[in-house]
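**Student:** here is my input, please return the structure:
(chains A and B)
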2 protein chains.
Amino acid sequence: MEKFKRNERIGAIVKILSDNPNKIFTLSFFTTQFNAAKSTISEDLIVVKNVFEKLQLGKVITISGAAGGVKYIPKTSKEENEEFLLHLCERIKDEGRILSGGFLYLIDLIYDPNVVAKIGEIFASNIDYSDVDYVVTMETKGIPMALMTAKAMNLPLVIIRKNTKVAEGPTLSMTYLTGTSSKVETMSLPSRALKPHSKVIIIDDFMRGGGTIKGMIELMKEFQTEVVGTGVFISTVKPEDKMVSNYISLLELDTSGNEIVAKPNLKTFINEYRD
Amino acid sequence: MEKFKRNERIGAIVKILSDNPNKIFTLSFFTTQFNAAKSTISEDLIVVKNVFEKLQLGKVITISGAAGGVKYIPKTSKEENEEFLLHLCERIKDEGRILSGGFLYLIDLIYDPNVVAKIGEIFASNIDYSDVDYVVTMETKGIPMALMTAKAMNLPLVIIRKNTKVAEGPTLSMTYLTGTSSKVETMSLPSRALKPHSKVIIIDDFMRGGGTIKGMIELMKEFQTEVVGTGVFISTVKPEDKMVSNYISLLELDTSGNEIVAKPNLKTFINEYRD
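**Tutor:** Take a look at the predicted model:
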């Protein structure tokens, strides 16, 4: 079997952990992979932990016990979040984005793989998912960021459909009222998509009144499932009273004046690195 | 500024390259980041290249010239693909997945962030995207794997909607005939979603007759856009004559007999590592 030098092992361990956030790798996994002694791998892991810490990329932690090992927990820094979100705000303010009806064209941003990868890491740094079973979103625009959040949290993704003509076996459907336009819409989810008595986090791209997310929370109740956290990418300043209370948003948008004002929602990050 | 040891720099470079496939990083980026000399970084990069090569994780290549630097190109190995796809086939064969109407319940697999991350890397290893501007998919089930493919290729993602009531400015809509059920469906895409004269790759989760993908190719023509490659996760054995010819599929599915037969489509990988 091929031998690895220390430098190479460290690079390889970083790659493996980084590609698989929140997944536990045993010491034996690495000793087999690199044909090295446990003591050698333990020394490697100290260096690896330093790399993540110095670059503020998150933490590599050791879990003791029979099912023990190491895992990588992504955590973005407050400074990095601010810089990233300020840059997004600059792009959002572009007048060319204003569509008739006061909508904003944002899909180039929220479908951008690198943007949503970062958003996913930010959500994973600011929502407690220690006891969570699924990340839930509703089609379509929230899917990319919800997927990246699920990847960072190492959780399965569940997508609620707006269509009832979905061939996925028995399906639970529900009507709900969207907050602003007060339209009646339908959402549906296959019965087997969630184990009963699960805990979930909701991720969505945009929240105005909160009607859609309130509907999702109610749908989850029908599945005997509890929503323990909600993350939205953009929330609007108005209406101030949302139909949902327990949520974080990354950007606040004010379209009430003559120009678009988009700001990082810094209160979201106050408690970052709280643990 | 904090100093990094060689080991730490190597770990950090691996992390940065791995998180940003197909993005070019200049030598100066690393010298600034790590407060190190160019010659030092060059030596680090030799080790980094070895790591990726020994682990068969892809290649780190040097691009010379003014816009030069290094970039990481993900490439999965044939053995790894086979093992991964065989494992998926085992999970697909489960009788509990058969739904009335002969459909298969697959969303737990195709929404799984780790499964689609791998699928994305496999597509990026087997479809030539050297001259491509976008990855295109149609909502909903193909989105997670298309996003991960776009991430691996470092390309923006474009999502065709089935709904025409989409508030994204002027939108081009088109009807098409689905292959099997011969239903008339609608697909639509905002006019500004693609620059004219672009080249795209289509990614989708499932192909039976190929009607949907044929429709997507036609929609692309309306955008003066050329489809230079197509990747589907699962294609069915029947009908043998698809409405699309230039595509690769990762799994072949035969549901014509008494049991589901799912097989890795090994001819897809014959030319892998051809360069």
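**Student:** what about the helix or strand where A:Phe84 lies, near chain B?
**Tutor:** Secondary structure assignment for A:Phe84, by DSSP states H and E: helix A:78-92. No - using CB under 8 Å from any CB of the partner chain, helix A:78-92 never reaches chain B; the gap is at least 12.8 Å. The way it works is simple: take the backbone N, C-alpha and C, and place the C-beta from them, glycine included.
**Student:** quick check: A:Tyr198 touching A:Thr225?
**Tutor:** Wrong residue type there; residue A:198 is Ser, not Tyr. Yes - shown here, A:Ser198 and A:Thr225 form a contact pair, counting by CB atoms under 8 Å, at 4.6 Å.
**Student:** out of these two, which sits in the more crowded spot?
**Tutor:** Neighbours were counted for A:Ser198 and for A:Thr225 using other CB atoms under 10 Å in any protein chain shown; A:Thr225 has more, 22 against 19.
**Student:** so the more buried one makes contact with A:Pro196?
**Tutor:** Yes - taking contacts as CB under 8 Å, A:Thr225 lies within contact range of A:Pro196: 7.3 Å.
**Student:** now do the strands in the stretch 101-250 of chain A.
**Tutor:** For the stretch 101-250 of chain A, the strands defined by DSSP state E, counting those that start in this stretch occupy A:134-138, A:157-160, A:171-177, A:184-190, A:199-207, A:226-236, A:248-254.
**Student:** what about the closest residue to A:Asp112 other than its chain neighbours, how many neighbours?
**Tutor:** Leaving out its chain neighbours, the residue that sits closest to A:Asp112 by CB to CB, 6 or more residues apart in numbering or on different chains is B:Pro156, at 5.7 Å. Using other CB under 10 Å, B:Pro156 has 20 other residues around it.
**Student:** likewise the one 4 residues further on?
**Tutor:** Using other CB under 10 Å, the number of residues around B:Ile160 comes to 22.
**Student:** state the pLDDT value of it.
**Tutor:** You'll see B:Ile160 listed with a pLDDT of 97.
**Student:** hmm, it is touching B:Val135, no?
**Tutor:** No - counting by CB under 8 Å, B:Ile160 stays clear of B:Val135, with 11.7 Å between them.
**Student:** tell me which of the strands of the stretch 101-250 of chain A lies nearest to B:Leu88.
**Tutor:** With CB to CB, the closest approach to B:Leu88 among the strands of the stretch 101-250 of chain A belongs to strand A:157-160: 16.7 Å.
**Student:** hmm, who's touching that closest one?
**Tutor:** With contacts defined as CB atoms under 8 Å, 6 or more residues apart in numbering or on different chains, strand A:157-160 is touched by A:134-139, A:143, A:146-147, A:150, A:187-189, A:193-194, A:200, A:216, A:219, B:107, B:111-113, B:140, B:144.
**Student:** 6 Å - rerun?
**Tutor:** Contacts to strand A:157-160, defined as CB atoms under 6 Å, 6 or more residues apart in numbering or on different chains, come from residues A:134-139, A:146-147, A:150, A:187, A:189, A:193, B:111.
**Student:** over to stretch A:251-268?
**Tutor:** Residues outside stretch A:251-268 that contact it (CB under 6 Å, 6+ apart): A:82, A:85, A:89, A:92-93, A:102, A:126, A:234-238, A:248-250.
**Student:** relative to chain B, which of those residues is nearest.
**Tutor:** A:Gly102 (9.4 Å; CB to the nearest CB).
**Student:** residues of stretch A:208-216 that come out buried?
**Tutor:** Judged by neighbour count using 16 or more other CB atoms under 10 Å in any protein chain shown, the buried positions of stretch A:208-216 are A:208-216.
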